[in-house]
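Asks: Everything below, folded, please.
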Amino acid sequence: MRTAHLLPALLVPALLLSLGCSSKLSRTKAEELLSQNYPVVVPVTVPEKASAEKGSPAYMRLSALKENLDKSGWFESLQKTEGNQEVFQFRLKLDAPKTITAAPQGFKIPAAQAVFVRAAKMEPTREGSRVLYEIRLEKPTAQFSILQAQYPDIRIGQTKPRHATFEKKGSGWTLTGTDEVFHKAN
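Replies: Numbering: from 1, shown residues only. This is a model prediction of the structure:
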């Protein structure tokens with residue numbers, strides 16, 4: 001008869017323990033939720049108009065951009081001197097691929113993809129959890145050289161850190177945000 005009274009007394013702590021264990025975001029769950037947002041397209045942004053002082057690092061990047069865009073055949077480019085500034089203008093040709101899209105004051109060209117690698121570090125927060133994760137640059141397009149002209153240190157296979165926040169919603173977890181600036185590939 002006494003064992004019947006002990007069963008409810010043991011059941012309550014066991015339930016609380018199982019709830020306590022599931023209240024922490026697991027690495028597997030974080031990776032599952034994050035990987036749904038990948039791969040993302042890494043574009044290169046081409047300004048309609050930009051200027052820089054001749055000889056400056058910005059001028060060198062714009063010159064390399066112009067050279068690479070001229071090779072692509074998709075843009076009309078113009079370079080002129082105005083005072084101590086070199087002004088570069090880029091216009092998209094009508095026969096350019098449809099993958100080049102309009103952007104504020106310019107154009108975006110797909111240069112590569114970034115894929116999810118892994119969740120590297122997890123920190124509990126008052127609202128839920130913060131996760132440091134890694135992405136890797138892969139699948140360069142023919143226009144990857146245009147991206148490298150603007151960012152000479154960028155390499156295929158290179159990993160980059162990103163951050164995500166998760167909140168506990170009922171019995172599950174919800175991804176509430178990341179600092180990823182690129183958008184999912186179609």
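Asks: avg pLDDT for stretch 172-179?
Replies: Mean pLDDT, stretch 172-179: 88.
Asks: starting at the chain centroid, how far to it?
Replies: Relative to its chain's centre, stretch 172-179 lies at 15 Å (C-alpha atoms, centre = their mean, to the nearest Å).
Asks: List the contacts of it.
Replies: Stretch 172-179 is contacted from outside by 25, 29-30, 33-34, 37, 128-129, 162-168, using C-beta atoms under 8 Å, 6 or more residues apart in numbering. Just so you know, the C-beta spots here come from the backbone N, C-alpha and C atoms, and that holds for glycine as well.
Asks: How about the contacts made by the residue nearest to residue 46 when sequence neighbours are not counted?
Replies: The shortest distance from residue 46 to any non-neighbouring residue, by C-beta to C-beta, 6 or more residues apart in numbering, is to residue 107 (4.5 Å). Residue 107 makes contact with 45, 46, 48, 90, 92, 100, 101 under the criterion C-beta under 8 Å, 6+ apart.
Asks: before we move on, what about residue 156?
Replies: 112, 137, 138, 140, 144.
Asks: can I get the residues you listed in TSV with distance to residue 41?
Replies: As requested, the contacts of residue 156 are exported to TSV (distance: C-beta to C-beta, whole Å):
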residue	distance to residue 41
112	8
137	11
138	11
140	12
144	12
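Asks: List the strands paired with the longest strand along the chain, with their directions.
Replies: Scanning the chain for the strand with the most residues, using DSSP state E, yields strand 106-124. If you go by DSSP bridges, strand 106-124 pairs up with strand 40-47 (antiparallel), strand 101-103 (antiparallel), strand 128-138 (antiparallel).
Asks: what mean pLDDT would you report for it?
Replies: Averaged across strand 106-124, pLDDT comes to 91.
Asks: In PDB, list the C-alpha atoms belonging to it.
Replies: Extracted C-alpha coordinates of strand 106-124, given in PDB (Å, rounded to 0.1, in the frame of the first residue of the first chain):
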ATOM      1  CA  GLY A 106      23.100  50.100 -58.400                       C
ATOM      2  CA  PHE A 107      22.900  46.400 -59.300                       C
ATOM      3  CA  LYS A 108      23.500  43.000 -57.600                       C
ATOM      4  CA  ILE A 109      25.200  40.200 -59.400                       C
ATOM      5  CA  PRO A 110      25.300  36.600 -57.900                       C
ATOM      6  CA  ALA A 111      29.000  35.800 -57.200                       C
ATOM      7  CA  ALA A 112      28.900  32.700 -55.000                       C
ATOM      8  CA  GLN A 113      26.800  30.800 -52.400                       C
ATOM      9  CA  ALA A 114      27.300  30.500 -48.700                       C
ATOM     10  CA  VAL A 115      26.300  27.300 -46.900                       C
ATOM     11  CA  PHE A 116      25.600  26.500 -43.300                       C
ATOM     12  CA  VAL A 117      28.500  24.700 -41.600                       C
ATOM     13  CA  ARG A 118      27.800  24.200 -37.900                       C
ATOM     14  CA  ALA A 119      26.700  25.800 -34.600                       C
ATOM     15  CA  ALA A 120      30.000  26.600 -32.900                       C
ATOM     16  CA  LYS A 121      28.900  28.100 -29.600                       C
ATOM     17  CA  MET A 122      25.700  28.400 -27.600                       C
ATOM     18  CA  GLU A 123      24.900  30.800 -24.800                       C
ATOM     19  CA  PRO A 124      21.700  30.800 -22.800                       C
END
